[in-house]
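>>> My questions are about this predicted structure, shown below with the sequence.
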2 protein chains.
Amino acid sequence: MAPPLTYIPANDRGLAYGDGVFETLRLSASGAPLRALHKERMRQGAARLSIPFDGETFDRYLDALIEETVEGANGASSAAAQQSGVAKIILTRGSGGRGYAAPAAMSPRWITQRFPFVSRPARQRDDGLALGLCREPVADLPSLAGLKHLNRLDQVLAQQQVSAAGWDEGMLLDQRGRPLELTSMNLFFRFANELFTPDLRSAGVAGVARAWCLQHASSHGVTCRQQNVSLSRLREADEVFACNSVAGILPVRKLALWQWPVGKLARSLQREFDALFV
Amino acid sequence: MAPPLTYIPANDRGLAYGDGVFETLRLSASGAPLRALHKERMRQGAARLSIPFDGETFDRYLDALIEETVEGANGASSAAAQQSGVAKIILTRGSGGRGYAAPAAMSPRWITQRFPFVSRPARQRDDGLALGLCREPVADLPSLAGLKHLNRLDQVLAQQQVSAAGWDEGMLLDQRGRPLELTSMNLFFRFANELFTPDLRSAGVAGVARAWCLQHASSHGVTCRQQNVSLSRLREADEVFACNSVAGILPVRKLALWQWPVGKLARSLQREFDALFV
């Protein structure tokens, strides 16, 4: 295993074309609780892009990040920081090739980084997110849908709108005007005992926390469906929540003028998810 | 001006999100004949992404690439290589920020590379390109349409199909099934004395050679329109050609079973374009 790269060759295809996939994993004292889900998503993404993926290398890089001491701003390390980092693992197709064509002998490149964990503000976690509606719908691109790939300009542009408007997150619609996801989170809507999350086979990022919710929600007495719901129907939801693997599960409090109460399901799943990282 | 980077920091947003734009310029003994068009496109792309663009810095990096000696495979430089390189200039939003949000103090990063120029095979230049039809239509994304940005996974995937099928280039259709562009080139269709090139306000890359053709075709007695044409109508074109700023102008000979003759307009524009680089 090569040592982690602080610098990468300027001819890497990850830079040139966004030709790669990445995972951002929240760490705990005991390691990376959602390792299996992250690893499986990266394996699937790499397969869709035809980039060779080696699960043992993924594990070795992740283990090295888990063991790494996070240095604080003052250069000192702390046990707390060590136990609550965020690991980022990028896998690119490597260097070379002629234009868009990959080189005959592909040499994928692993790039790892570790960041301190920063919790979402208590207001967002307790009272929920205030959302706005992003201007541009997400394009349908079935061959890339669901993947956590390195082409994220849509999100960067949407985030500019979110930051300018002061929203907590932006809601992104699909080509038919239905809620698809948030700028950096997946969405869930509960109507009585049915829980919906948008179908991501045409567009969107299929998050690891979304996969976790789909696995765990049924133990709370709801039936889960991956199905798109119209924006107008969303208004009638009993509760709305959002998730990603670093922020965890956050209730959604409002979208423009619509409001929802913080639901019991969101609160239960939030506690259960957070407990993974204690 | 910082010296050219062989390595870039692994936290560059160009790698993380494809958050940047690039230009690939063919060089000649006298410099970069299409400098003004490339510079203007990069300026517009950076503006659309809200990345500060400094035209003087662009010029200084390009001048350095023009003066750089290209080393051959045996380590020796040659005057010919020096006069026929390809310069690549990438401008990213730089490092930092929290997730998709850009850092408050943005520090854009310039990355430059120089490659030897490799001409397209004489068969493609003389007899024309053999095209196939790519499987997946290009998504509409008005906010990014036309830009030469770093999110190019669509093209990478399309190129995999092209390489597997052995085509010279792949034809990409828009969401309504109309010809949009080729994998790495723009398209022109002549019907009598009307020349069409697809409108790129919803999707596609607006190439510098396309801009050059739009400026110069009228002197050959044709009227130019940026307008989409149905795939079935394309079959009736008197000639079809494609262009990019490195390959120049190439006739299109066939698409699957449809064939076109090499047209006089394509041949004239090809000669005129090539003469820029002598």
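That came through, no problem. Bear in mind the structure is a predicted one, so any value in this text is a computation, not a measurement.
>>> Neighbours of the residue nearest to residue A:26 when sequence neighbours are not counted, how many?
Leaving out its chain neighbours, the residue that sits closest to residue A:26 by CB to CB, 6 or more residues apart in numbering or on different chains is residue A:246, at 4.9 Å. C-betas here are computed from N, CA, C, even on glycine. By other CB atoms under 10 Å in any protein chain shown, the residues close to residue A:246 number 21.
>>> wait, residue A:246 sits on residue A:32?
No - between residue A:246 and residue A:32 there is no contact under CB atoms under 8 Å: 11.7 Å.
>>> what do the two both touch?
Common neighbours of residue A:246 and residue A:32, counting by CB atoms under 8 Å, 6 or more residues apart in numbering or on different chains, are residue A:26.
>>> that older thread, state the helix or strand in which the residue nearest to residue A:26 lies.
Assigned by DSSP states H and E, residue A:246 belongs to no helix or strand.
>>> where exactly do the strands run in chain A?
With DSSP state E, the ranges of strands along chain A come out as A:7-9, A:20-26, A:85-92, A:109-116, A:129-133, A:169-173, A:179-182, A:186-191, A:194-197, A:223-226, A:239-244, A:248-255, A:258-259.
>>> can the ones you listed go into a markdown table with extra columns for mean neighbour count?
As requested, the strands of chain A are exported to a markdown table (neighbours: other CB atoms under 10 Å in any protein chain shown):
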| stretch | mean neighbour count |
| --- | --- |
| strand A:7-9 | 17 |
| strand A:20-26 | 24 |
| strand A:85-92 | 22 |
| strand A:109-116 | 19 |
| strand A:129-133 | 20 |
| strand A:169-173 | 24 |
| strand A:179-182 | 25 |
| strand A:186-191 | 23 |
| strand A:194-197 | 22 |
| strand A:223-226 | 14 |
| strand A:239-244 | 26 |
| strand A:248-255 | 23 |
| strand A:258-259 | 14 |
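>>> Out of those strands, the one nearest residue B:24 is which?
Among the strands of chain A, strand A:7-9 comes nearest to residue B:24, with 17.7 Å by CB to CB.
>>> what about the closest one, average pLDDT?
The average of the pLDDT scores along strand A:7-9 is 93.
>>> List the contacts of it.
Counting by CB under 8 Å, 6+ apart, residues outside strand A:7-9 touching it are A:14-15, A:95, A:109, A:111, B:6-10, B:15.
>>> longest helix anywhere in chain A?
Scanning chain A for the longest helix, with DSSP state H as the assignment, gives helix A:35-49.
>>> Next, see if that helix gets close to chain B.
Yes - using CB under 8 Å from any CB of the partner chain, helix A:35-49 comes into contact with chain B via residue A:49.
>>> Throw the strands of chain A into JSON lines and include distance to residue B:222, thanks.
Converted to JSON lines, the strands of chain A look like this (distance: least, CB to CB, whole Å):
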{"stretch": "strand A:7-9", "distance to residue B:222": "45"}
{"stretch": "strand A:20-26", "distance to residue B:222": "43"}
{"stretch": "strand A:85-92", "distance to residue B:222": "43"}
{"stretch": "strand A:109-116", "distance to residue B:222": "47"}
{"stretch": "strand A:129-133", "distance to residue B:222": "45"}
{"stretch": "strand A:169-173", "distance to residue B:222": "41"}
{"stretch": "strand A:179-182", "distance to residue B:222": "43"}
{"stretch": "strand A:186-191", "distance to residue B:222": "51"}
{"stretch": "strand A:194-197", "distance to residue B:222": "53"}
{"stretch": "strand A:223-226", "distance to residue B:222": "51"}
{"stretch": "strand A:239-244", "distance to residue B:222": "53"}
{"stretch": "strand A:248-255", "distance to residue B:222": "51"}
{"stretch": "strand A:258-259", "distance to residue B:222": "54"}
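>>> got a list of what the residue nearest to residue A:26 touches?
By CB under 8 Å, 6+ apart, the residues touching residue A:246 are A:24, A:26, A:86, A:117.
>>> ok, those vs chain B, which is closest?
Checking these against chain B by CB to the nearest CB gives residue A:24 as the nearest, at 8.7 Å.
>>> give me every residue that touches that closest one.
Listed by CB under 8 Å, 6+ apart, the contact set of residue A:24 reads A:86-88, A:245-246.
>>> And residue A:188, by the same measure?
Residue A:188 neighbours (CB under 8 Å, 6+ apart): A:195-197, A:210, A:213, A:217, A:240-243, A:266.
>>> Let's see that with 6 Å instead.
For residue A:188, the contact set (CB atoms under 6 Å, 6 or more residues apart in numbering or on different chains) comprises A:195, A:197, A:241.
>>> that older thread, would you turn the contacts of residue A:24 into CSV with distance to residue A:189?
What follows is these, written out as CSV (distance: CB to CB, whole Å):
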residue, distance to residue A:189
A:86, 28
A:87, 31
A:88, 30
A:245, 20
A:246, 22
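>>> Just the pLDDT at the residue of the stretch 51-200 of chain A found nearest chain B, thanks.
Residue nearest to chain B within the stretch 51-200 of chain A (CB to the nearest CB): residue A:139, separated by 3.2 Å. pLDDT for residue A:139: 92.
>>> What number of residues are in the vicinity of the closest residue to it other than its chain neighbours?
Spatially, and ignoring its direct neighbours in sequence, residue A:139 is nearest to residue B:139 (3.2 Å; CB to CB, 6+ apart). Each residue near residue B:139 was counted by other CB under 10 Å, and the total is 22.
>>> roughly how far apart are residue B:139 and residue A:136?
According to CB to CB, to the nearest Å, residue B:139 stands 11 Å off from residue A:136.
>>> quick one, what contacts the residue of the stretch 51-200 of chain A closest to chain B?
Contacts of residue A:139 by CB under 6 Å, 6+ apart are B:139-141.
>>> Also residue A:97?
Counting by CB under 6 Å, 6+ apart, residue A:97 makes contact with residue A:103.
>>> What pLDDT is listed against it?
With respect to pLDDT, residue A:97 has a value of 80.
>>> Pop out the phi and psi values for it.
phi 90, psi 170 (degrees, to the nearest 10).
>>> How about residue A:193?
Residue A:193 adopts backbone torsions of phi -100, psi 20, taken as degrees, to the nearest 10.
>>> ok, for it, nearest residue in space, not its chain neighbours?
Leaving out its chain neighbours, the residue that sits closest to residue A:193 by CB to CB, 6+ apart is residue A:222, at 5.1 Å.
>>> My guess is that neighbour contacts residue A:196. True?
No - with contacts counted by CB atoms under 6 Å, residue A:222 stays clear of residue A:196, the gap being 9.8 Å.
>>> Give me the common contacts of those two.
By CB under 6 Å, 6+ apart, residue A:222 and residue A:196 have no common neighbours.
>>> Can you name the residues of the stretch 151-278 of chain A that neighbour chain B?
Within the stretch 151-278 of chain A, the residues that sit near chain B (CB under 6 Å from any CB of the partner chain) are A:151-153, A:155-157, A:159, A:163, A:184.
>>> Break chain A into its domains for me.
A:13-116, A:122-275 (automatic domain parsing).
>>> hang on, the earlier thing: can you tell me which of the contacts of residue A:139 is nearest chain A?
Closest to chain A out of the contacts of residue A:139 is residue B:139 (3.2 Å), distances taken as CB to the nearest CB.
>>> Give me the below-cutoff pLDDT ranges for the stretch 151-278 of chain A.
With pLDDT under 70 as the threshold, the stretch 151-278 of chain A has no low-confidence stretch at all.
>>> again but with the stretch 1-150 of chain A, I slipped
A:1-3, A:69-83.
>>> got the residues of it near chain B?
Neighbours of chain B within the stretch 1-150 of chain A, by CB under 6 Å from any CB: A:5-10, A:14-15, A:17-19, A:99-101, A:111, A:136, A:139-141, A:143-144, A:149-150.
>>> May I see the ChimeraX selection of the buried members of those residues?
In ChimeraX, this line selects whichever of the residues of the stretch 1-150 of chain A next to chain B come out buried by 16 or more other CB atoms under 10 Å in any protein chain shown:
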select /A:5,8,10,14,15,17,18,19,99,100,101,111,136,139,140,141,144,149,150
